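Asker: Just a sequence and a predicted model for now, questions to come.
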Amino acid sequence: MSATSPDTGQPTREVSIAAASSAARTSAGPPRRLGLALAVIATAQLMVVLDATIVNVALPHIQAALGFSGTGLEWVVNAYALAFGGLLLLGGRSGDLLGRRRVFIFGILLFSLASLLGGLATGQVWLLSARVLQGVGGAFAAPTALSLIAVTFPEGPPRNRAMGVYAAMSVAGGAVGLIAGGLLVQYLDWRWVFFVNVPIGLAVALLAPRVLGESERRRGQFDLPGAITGSLGLAALVYGLSSAATSPNGVSHWGDTKVIVSLVAAVVLLAAFGIIEVRSRSALVPIRVLRSRDRTGAYLISLCIGTALFGMFFFLTLFVQGVWGYSALKTGVSYLPMVAMIMVASAAASQLVNRIGARPLMITGSVLGTGGMFWLSRVTEHSTYAGGLLGPMMLTATGMGLIFVPLSLVALSKVANNDAGVASSLLNVGQQVGGALGLAILGTVAWSAVANSLHSQAAAAAAAAKHATVHLSAAQQAALQKAASNHALAHGFSQGYVVSAGIMLLALIITLVAIRVTREDLSGVNPMAAPTD
């Protein structure tokens, strides 16, 4: 994740952290309390990163409280991911034009306000609107947070230590979110997964002007047409795909007017976005960045990973809580081995990439990820955590950990210094947008399979009842209905995991076809510009 910086009269170009350091010389100057400054930046990063996992654990409770349907519940995640991913590049550019500290504080305050509104939500539209605002706030806070390290910390050991802490917060955010979400839901209420951001965000916003330096404003233009058409196009695509899911009565909705209109609008808006980016002098996505086969392949792989992982976590959370009866806290704890394995595998990949190159690690990671997702599709309502879930989670985590580091480096290979920021930021955009698309695609497959299973089981039960000589008690009927529901959910979600395995297989194919980067190509990559989440 990086900040953006324009060149007056030239196409818009993102800058790396190394380039951003030049702004520090003309800024208000680094503050004296560097430790407190680092705490402010790292805390802001932690807030944004853990939001996905802390809310994920609370999803079943949100569904029960506000009456979301299965497909509607996906938008609690999608609304944030689409707003965050769609406006991330615009947020970074705003920091360059208006001042990074100023935009950082604005993003944090907006994120905090949206969190308060989300916690107070009494209806579905209210909560989803708050999630959109959270995504907008995150899109403005996240890219400027990393840039502020360059503005605030002098080059050398101080900045290197700051980058290390920042990266650690990015990785640890997932684990902290799982545990914090479980504790808050278990002992307080689901609303506290939102409320907890408010005091933290206010503290960060109050301290930021006192401990963070400000970058100078620069002349340039915003690519608002690109940001609007791109974000609306993605939203229309996700809405159309998620609305096409088969309803519980077994009726398919692919022919519904709203589905057709949404998908057609998505095609038109995304085509307009492409035309705008080609012609704009201040494009959010300069076409020259996509001309590298390796780099474009890396973005497509990032899209695949986001698509597969977001859907996996979403449906796995509903499964273990709804079918296995896990509490929110137990759900969070059950994910920790997976998070730990991702960190271990990522550390190993960072050591191996200089010895064997990026391509072998990405191929191995894609193979393991594909196998782990397919193995996960074998989980049933009768499986156990140790026997049916832990193994596929660990295999998938190993694959993901092996991919993340080389993928970031490939995205920055042979890129001009002025384009290093957009090259790295697009990876994060790909993961967020892929996550929203993944929930729509996997959700359509999964909920359709759930509906079909319930429909067929109901028909079979009705036929059996005609020939039954013994009538079941109310308790027995309730038990049979619960068993039927559990089987339908397990079957439907397993079909979603099969799709996830197919998407990871697609990532493997892209790696084999597109990635040709060598170890020598990676030797000049600036690690300071690499994305850390």
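Answerer: Received, thanks. These numbers were taken from a predicted model, which means no experiment stands behind them.
Asker: list the buried ones in the helix or strand hosting M312?
Answerer: Using DSSP states H and E, M312 falls within helix 293-322. For helix 293-322, the neighbour count (16 or more other CB atoms under 10 Å) marks 294-322 as buried. For the C-beta atoms, the positions are set from N, CA and C on the backbone; glycine is no exception.
Asker: cool, stretch 107-115 as well?
Answerer: 107-115.
Asker: again with stretch 267-280
Answerer: 269-270, 272-274, 276-277, 280.
Asker: Tell me which helix or strand comes right after the host helix or strand of V77.
Answerer: Taking DSSP H and E as the definition, V77 sits inside helix 70-98. Using DSSP H and E, the next helix or strand after helix 70-98 towards the C-terminus is helix 100-119.
Asker: Packing partners of the helix or strand following that following helix?
Answerer: Sequence-wise, the next helix or strand downstream of helix 100-119 (DSSP H and E) is helix 124-152. The helices and strands touching helix 124-152, judged by 3 or more CB pairs under 8 Å, 6 or more residues apart in numbering; DSSP states H and E, are helix 17-24, helix 34-66, helix 70-98, helix 100-119, helix 157-187.
Asker: what's the angle between the longest helix anywhere in the chain and helix 70-98?
Answerer: Counting by DSSP state H, the longest helix found in the chain is helix 420-466. Counting by axes from the mean of the first three to the mean of the last three CA atoms, to 10 degrees, helix 420-466 lies at 170 degrees to helix 70-98.
Asker: so helix 420-466 versus helix 293-322, what angle?
Answerer: 40 degrees.
Asker: Next SSE downstream of helix 420-466?
Answerer: Counting by DSSP H and E, what follows helix 420-466 is helix 474-514.
Asker: angle of that next one against helix 293-322?
Answerer: Using the same axes, to 10 degrees: helix 474-514 against helix 293-322 is 170 degrees.
Asker: pLDDT (mean, whole number) over helix 474-514?
Answerer: The average pLDDT within helix 474-514 is 86.
Asker: Make sure E381 is indeed in a helix.
Answerer: No. According to DSSP: H, G, I helix; E, B strand; the rest coil, E381 belongs to no helix; its state is coil.
Asker: Surely P209 and I105 touch.
Answerer: Yes. In terms of CB atoms under 8 Å, P209 counts as a neighbour of I105; the distance is 7.1 Å.
Asker: Name the residue in those two with the higher neighbour count.
Answerer: I105 (23 against 12; other CB atoms under 10 Å).
Asker: Can you name the residues that contact that one?
Answerer: Residues in contact with I105 (CB atoms under 8 Å, 6 or more residues apart in numbering) are 205, 208-209.
Asker: Adding pLDDT and distance to A235, write those out as a markdown table.
Answerer: Converted to a markdown table, those look like this (pLDDT from 0 to 100; distance: CB to CB, whole Å):
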| residue | pLDDT | distance to A235 |
| --- | --- | --- |
| A205 | 88 | 28 |
| A208 | 83 | 31 |
| P209 | 83 | 34 |
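Asker: So which of these sit within helices?
Answerer: Reading helices off the contacts of I105 with DSSP H, I get 205, 208-209.
Asker: hang on, the earlier thing: how far off centre is the helix holding V77?
Answerer: 10 Å (CA atoms, centre = their mean, to the nearest Å).
Asker: Need the ones in helices among the contacts of I105 in JSON lines (columns: distance to I228).
Answerer: Formatted as JSON lines, those follow (distance: CB to CB, whole Å):
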{"residue": "A205", "distance to I228": "27"}
{"residue": "A208", "distance to I228": "29"}
{"residue": "P209", "distance to I228": "31"}
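Asker: out of those, who's nearest L241?
Answerer: A205 (36.8 Å; CB to CB).
Asker: what sits against the most centrally placed residue in the chain?
Answerer: The C-alpha lying nearest the average C-alpha coordinate of the chain belongs to Q432 (CA atoms, centre = their mean; 3.9 Å). With contact taken as CB under 8 Å, 6+ apart, Q432 is in contact with 81-82, 84-85, 88, 306.
Asker: The nearest residue to it once chain neighbours are set aside and K330, how far apart?
Answerer: Closest residue to Q432 apart from its sequence neighbours, by CB to CB, 6 or more residues apart in numbering: G85 at 2.9 Å. The gap separating G85 from K330 is 30 Å, by CB to CB, to the nearest Å.
Asker: Pick out whichever of those two has more residues nearby.
Answerer: More neighbours surround G85 than the other of G85 and K330, with 25 against 16 (other CB under 10 Å).
Asker: which ones are touching the closest residue to L426 other than its chain neighbours?
Answerer: Nearest residue to L426 in three dimensions, chain neighbours excluded: Y299, at 5.5 Å (CB to CB, 6+ apart). The neighbours of Y299, taking CB under 8 Å, 6+ apart as the test, are 290, 411, 426-427, 430.
Asker: let's go with 10 Å and repeat that
Answerer: Neighbour list for Y299: 285, 289-290, 407, 410-411, 423, 426-427, 429-431, 434, 510, 514 [criterion: CB atoms under 10 Å, 6 or more residues apart in numbering].
Asker: and which of the residues you listed is nearest to L224?
Answerer: Among these, and counting by CB to CB, the member closest to L224 is V285, at 14.1 Å.
Asker: So the residue lying closest to the closest one once chain neighbours are set aside versus L128, what's the distance?
Answerer: In space, V285 comes closest to E277 once its chain neighbours are excluded; the distance is 5.1 Å by CB to CB, 6+ apart. Using CB to CB, E277 is found at 28 Å from L128.
Asker: again, but for T257
Answerer: T257 is 22 Å from L128, by CB to CB.
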